Structure formats: structure tokens, C-alpha cells
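S.K.: the following comprises the amino acid sequence and a computationally predicted model.
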Amino acid sequence: MKLVDEYRDPAVARYLLEQIRELCDGPLNIMEICGGHTHSIVRSGMEQVLPPTIKFVHGPGCPVCVTPTAKIDQAIALARRPRTIIATYGDMMRVPGSSSSLLQEKAKGAHVKIVYSSLDAVRLAVENPDSEVVFFAVGFETTIPANGLSVIRAKQLGLTNYSMLSNHVLVPPVIRAVLDDPAVRIDAFLGPGHVSTIVGSQDYEFIPAEYHRPVVISGFEPNDILESLFMILKQRREGRCEVEVQYSRAVTKYGNPRALDVVKDVFSPVEQEWRGIGAIAESGLSLREELRAFDAYHKFHDWMPLQRPEEPSECVCGEITRGVKEPRDCASFGTGCTPERPLGACMVSTEGTCAAYYRYQLVTVQTGGVRD
Amino acid sequence: MNRQRLARSRPLTMEELPDVVQIAHGSGGKLTHQLIETLFVPLFDNPCLKALGDQAILDPSTERMALSTDAFVVKPYVFPGGNIGDLAVNGTVNDLLMGGATPAYLTASFILEEGLPTKELAFVAESMAIAAKKAGVQIVAGDTKVVERGAADGLYITTTGVGFVPKGLQWSPAHIRAGDVVIVSGTIGDHGASVLAHRFGIDFESQIQSDTACLREVVMAVRDLPGIRCMRDPTRGGLATTVQELSHTSGLNLRIRETSIVLQEDVRGICEVLGLDALYLANEGKLVAVVAPEEADECLRIMRTVKESKDAAVIGEVTDDIPGFASLETYIGAVRVLDLLSLDQLPRIC
Amino acid sequence: MMCLAVPGEVLDIDGSIAMVDMAGVKRRVCIDLLAEVHPGDYVLVHVGFALQIIDEQEAQETLKLLRACFQEDLHAAVGSQQEGD
């Protein structure tokens, strides 16, 4: 596959690993903000082949993980509404609300459809004029323009049966929240590659400027990440602290202005609840007031659950997404909380930190045996 | 294929059958007999079935017998590269072959959905007949039931197969030793990818074909090699699940290499686009063989001369350092444990 | 888990929709988020939208650079080994 396979060359990986070992001169905690990076790191077993002083802290970059239980409950409530089709991305199906999930609701007969694209949800509305189609839309900056465009398209088509239950979250505010936590020990950031194709590298300038941590925006193949680590180490060696772009084939300084315009036209910033982290000012986006007709929360306000669910108390998802704790620090990990019966959302998504740990149980094989 | 005697009337032709399957086609009455006599018996054509007894009476050899059964509920029942019919034959035949057995007989039990076009049923039955002929098996007994519309996705088929294992041949994961070589007979994930691309109806255009195939020729070609420890067909749960099961049963570690596993380009594509892991996608025409190291080259050489395994490759080795678990050596040279998948894969955006 | 995006080649364009080939898998992709795109361009596809045109030249150059360093080191390593012999 062109533009993918080039970044999986084992020989180049070995070369980069050597360079990293050479440059590594002490402990280094790197937060990869994006769950896509977490997936690649865990799937490739990267931590085993890196110097043991380099540690990854898995950040809050999973829109599914950070969707609050209350929001899932709202989607479930709408799924139970007669003549209503819930359209959503496959990832959201298993996320547990306080008592059910969309997958369970589907099994009970609710109309829940997995869509690949937000425009598929609009098409569902066109094809089912007698039903309400609610697009349960989650996402970071990467997905928000696509979700936003579906509302523009529905408006152009004059659809009155399409609406969006949204949980849109923004990267910079949550990084600030993470860095403002005194417990956090992070020396550098692996910047999210695909978010950055939209927002540009300039959005992270505040991290070196205000918090004195280097950022390297990275691609998603193993060699991309290794090269980014090398670039972080090089910055440290040379006493630099800045935003660099390893993923230069897709990321520019100013991002994608058209996509950013769509975001501005459709959404406005709001305080957003992050699962396990809490509310962060201006860290979410909801539909602008003039588009309320497409906002499922307002359109079906009477159907929204009154009670706010409590987050499971034994779950440390919050600390895990903040990078303060690791899955193995959780008493429920692997026992009370498994991919089959997840407590928190970190176990729900296959790339949630806990599920990734559970699934790929890292084993270091060395001559003489198995570590950990 | 049914307990009652046939009401002897002029046999119908296929064209004279009703257009769709009706509840009465499963009631054991006249319609059932018409269906069996007009559709199944001529297609599956063999003396046992023609006798239309309550049972097929077989004449087994003195070899040991292998028995296997499998239910097929694939949705959609026609998919690129095959349909539920050839799948139902090949699936059970392959299960027999994996024990080193020469497949001989099958039974087929049908659950039909009311309203299923008869043409479709005939198409599926014909595929079964062709697959059975190719696999060298006779479909000697069967059953037909009809359920109400909406209670099944077109049709479900359960096949049971009988085969005979030559004297002295005893393939088993218990014979796996550290140092053995793991061979896979071709590309992986084809069937799973073809079905998933269809099932989620996500408007992808692709040429992905299911790999549904009978492995008889492959197995027969290498069966006499004494170094073969065991074989498995990596169907549900894919290659990862199969090597995990073999590791668990043998108490050893089957270690496969990411760089040695070959995917068809478009299977790769659909996996990248939907965020699926091909290691866990089903295969319906592939086998995994664990072979003694000294015979691996010969086994590979022979396999590559057979069409169904022309892309056979060594994908890993057996070690004893993570007992009971399979592992994957990744592109960057790390080794991680391959877990069993807890849930079906769903497409992801993230 | 965030934002699975895959590179694909634009085959043809019809208004705001382009047919994109992602490793042999083709799909109609919305190109409204891009100012300009042409057949033959490689775009990054996420949830059925083209997010960005991939700068192939940049990609090739960085790869070349990396491979050059790698080759240099390889030669150096091989060279020093031979000297050692």
C-alpha cells in the first residue's frame, strides 16, 4: 500500500532504534496524545525494543473513551424512541452507558446503524422520510469537519428528520488541563498527526512556549513514531524545545482552512465534560444556535434522561487518560473490568489504554525467559 | 431425505417447482418430496441418497473414521467468491482433512426461510453438488425444514462429514515440538474481508473474493510426509486464533512473523480503511501446518505445486519460551502475545 | 483511538465526490473539505472525507533522507568491520 508500506521497513526501524539508543541519555516520559498512536505503539510492541528509560504515557486522545456516560445514556434513550434510527460510527456501539449500550439496544430491536461516514447518516434520513435519523457524532478536530458538513448537507436538502447528538472534543484545551495537573510527569509530546492535518502545527506552539515541553507531530506507522522519538531526543540533546513535524507529508503549519471554516460555520465552543477528567472550559463544540433544529439534544429534549449517571467509582479511567496511572494500577483491571464487561471506556474501545494493554499483554522475550 | 415414502407421481422438473419456498416445503408432505426429488436428489446424485431411506448405510473401510459437523449461517448467503453451499461442503470436508482423513460422505441439513426463491435454493444446492464432486464426497443423507419468513437469513445449512484416516497417521497438536516450523497455505483474511465488506454495506467497491476452497489436493499431496505434526484450518477467529489454540494445546509458543504473513492488496486496503486486524479475519480455504524442521522445505515445495496452496509460506517457528501462548514478531522486531479476540470486530473510525 | 485515516489515490472527480482507490478498495469520498484536488493526487481519507492532499514529494524526500542516513551508517558499519578484519 503506497505511502504506508514505506514506513514499515524493518531495516529502517532497526536503524532508527539504534539512533534512539545512542541519543537516549536518561528517563523520558512521552505522552502520545492520540489513541491511534497508542494502537500503533502497543500493536508493534514498541516499548520492548526501546531503551527502558523511555516510557509512553497514553493520553486522552480517544473520542470514544472520553464520551461521558451521560451522553451514551442520551443516545440510548433516543434509540428507544419509536421510529428513530440511531446512526453512529462502529466504535460507539459497545460503549457502556449506565445500564446498556447501543449494541444491546440493537439486540433488543432498536434501529441502530453503523455508518462509515456522516454522509451515510444523511442518506439514511433521505431514504427513511418517516423516521427520525439521529447521528450520534463523536470526534476530535479530525472528524468534526466531516460531521459538521453533514448538517450543512442536511440543511441544503431541506431535511427535517435529520439531527445530531454530538460529543465533539478539542485537543489543545485538554493538553492544557493535563499539563496544569501538578501530578503529571511528562517530558515531551507526540503530537496527533491526523488532528494536525486539520488544525496545523501552529495550534501546539503554546506547549513549548508556556509549558516548555517539545512536541513532534507524528505519523502513525511504527517507523513514523520511531523517527518522531528520534526527533524529540535530538531536540533534547541540542537544548531545543519547539514544535516539529515528522508527519510532513500531511501536516502543514496552518492546517486545512476550508475544514476549519466548516467547523466555525456549524459549531461554537462550549464547556465539555470529559469522562474521568471532568469539565473543561471551551473544550467541546456544539451546534450553533441557528442550527438548533439539527441538534438532537434540543429537538428531543423531552426524551433526555433526567438523572445524571454516576461514573463507576472503582474505575481509574480518569487518572489513566491523564497519564497519572497505568492500567496495572487499577484494582479492577482484568478482573472486574475486561473487554467483555468493561467498566470504563478505556476498556471499551479496542484502542482504549486498558483494552490495548489487556489485548496485547506485553511480553518481553529475551534470551533466558520472559519479563513481566 | 425424509422419513415418509414418496407419493409416486410424475416427477416434476425444476421449472415446475413453486417460485419460492413455502412452509409446507418443510412439513414432510407432498411439497417436501417434490423438493427433494426434483432438486436435491438429481443434484447430489448417488445411490445412498436415491434409496431415500431413513438413513444412509455406508460400507466403511477398516481404517479409522473421522467425523465432523458444522453449521453455516453466513450472511449474506451469496458473497463474492462463493456462497453458503460450497462453504458448507468445503468447511466440513476441510475439517475432516485437517485430521489427515480422506473425506468420503456428507449429510446436509437445511433450514430454509419461507419465501426463499426456489431458484436461489437450486443455485446453492448446485454449488454444493459441484463442491462435493470436487472434494470427492457424496452427500448421502439430509433433512429439510422451513421456518417462517424473518426467522432466518435465506437459508442455513448444517453438514456432517465422515472420512477415513490411514493407518499409522496421527496428527495432533500434542506432537508439536520446539523448533518446528509453522506453514500457512496462502494469503489470509480473504473470506472475512469479503463478507465484512458486504455485511456493513459501506459502499466499498472491491474485488475481494472469499477464498472458500477444498483443501483435499493440498492435504493429499503432503499427507505422506512423516514430519507433519498437525494441521488446522484457520476459519472463525482467523490465523491468530488458530495459532493461539495450537499453542495452548501443545503448551508451546507458536511465534509468527508479521513480515512473513501475506495479505492480498485489497484485503489490506479494507483492513486499513475499516481498522480491522486481518489476523483475526476468517479464512475458508487455507490451512496452517506445523512441520518438523527437516521436512519444512519439502512440505513447502510440494504445497506450492498445488493450486490452492501456491502461495504457501513459512510464517513462523515453535519455541518454548512463552508456554501456552502464541506470539507475533512485529515489523520492528518486538514480540507480543497474540490474544484471543473477545468480541467480533466492528469497523472503526478511530 | 483517534482518527483512522488512510492514503488513497483520486481516480476521478464528479462535483464534490471523488472516487478514491485505497489499496484496491474503492469508495466515493467527499472532497468538499479541500480547495483543489486532481485525479492522480493522493489524499488522506477519514470517515469518507478527503482531509488533506498528501505531499508526495515531501514524503519521498524525507524517506530518501532517512534512507541516505541509513545507507551511510550501513556503509560505515560494513567498512569498519572490514577494517577490523
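M.R.: Thanks, I have the structure now.

S.K.: which stretches of chain B form strands?
M.R.: B:64-72, B:78-79, B:82-83, B:102-113, B:138-147, B:155-165, B:181-184, B:228-232, B:253-257, B:288-291, B:313-319, B:326-329, B:335-338 (DSSP state E).

S.K.: let me fix that: chain C
M.R.: Here chain C has its strands, by DSSP E, at C:6-14, C:17-22, C:25-30, C:42-46, C:49-53.

S.K.: related to what we said a few turns ago, out of the strands of chain B, flag the one nearest chain A.
M.R.: For chain A, the closest of these is strand B:335-338, at 4.0 Å, according to Cβ to the nearest Cβ. C-beta coordinates here come from the backbone N, C-alpha and C atoms, glycine included.

S.K.: chain B is nearest to which of the strands of chain C?
M.R.: That would be strand C:25-30 among the strands of chain C, by Cβ to the nearest Cβ, at 3.6 Å.

S.K.: show me what contacts B:T69?
M.R.: Counting by Cβ atoms under 8 Å, 6 or more residues apart in numbering or on different chains, B:T69 touches B:92, B:158-161.

S.K.: just the strands of chain B: most buried one?
M.R.: strand B:288-291 (a mean of 26; mean count of other Cβ atoms under 10 Å in any protein chain shown).

S.K.: list the helices and strands that one packs on?
M.R.: Applying 3 or more Cβ pairs under 8 Å, 6 or more residues apart in numbering or on different chains; DSSP states H and E, we find strand B:288-291 packed against strand B:181-184, strand B:228-232, helix B:238-250.

S.K.: chain C: which of these is closest?
M.R.: Nearest to chain C, of those and by Cβ to the nearest Cβ, is helix B:238-250 at 18.9 Å.

S.K.: would you mind giving the strands of chain C as TSV with distance to B:A197, mean neighbour count and mean pLDDT added?
M.R.: Output for the strands of chain C, formatted as TSV (distance: least, Cβ to Cβ, whole Å; neighbours: other Cβ atoms under 10 Å in any protein chain shown; pLDDT from 0 to 100):
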stretch	distance to B:A197	mean neighbour count	mean pLDDT
strand C:6-14	14	18	96
strand C:17-22	12	21	96
strand C:25-30	8	22	94
strand C:42-46	16	25	96
strand C:49-53	20	25	96
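
S.K.: tally of neighbours for the residue in the stretch 251-350 of chain B that chain A sits nearest to?
M.R.: Using Cβ to the nearest Cβ, the closest approach of the stretch 251-350 of chain B to chain A is made by B:A334 at 2.9 Å. For B:A334, the count of nearby residues is 25 (other Cβ atoms under 10 Å in any protein chain shown).

S.K.: quick check: phi and psi on the closest residue to it other than its chain neighbours?
M.R.: Once flanking residues are discounted, B:A334 sits nearest to A:G45: 2.9 Å by Cβ to Cβ, 6 or more residues apart in numbering or on different chains. Backbone torsions of A:G45, given as degrees, to the nearest 10, read phi 70, psi 30.

S.K.: can you list the weak-confidence ranges in chain B?
M.R.: Low-confidence segments of chain B, defined by pLDDT under 70: B:1-11, B:61, B:201-202, B:342-343, B:350.

S.K.: that one against chain C: which residues are in contact?
M.R.: B:197, B:202-208, B:264-266, B:268-270, B:272-273, B:275, B:348-350 (Cβ under 8 Å from any Cβ of the partner chain).

S.K.: distance to A:I186 added to the helices and strands packed on strand B:288-291, as TSV?
M.R.: As requested, the helices and strands packed on strand B:288-291 are arranged in TSV below (distance: least, Cβ to Cβ, whole Å):
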stretch	distance to A:I186
strand B:181-184	41
strand B:228-232	45
helix B:238-250	33
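
S.K.: alright, I will stop here.
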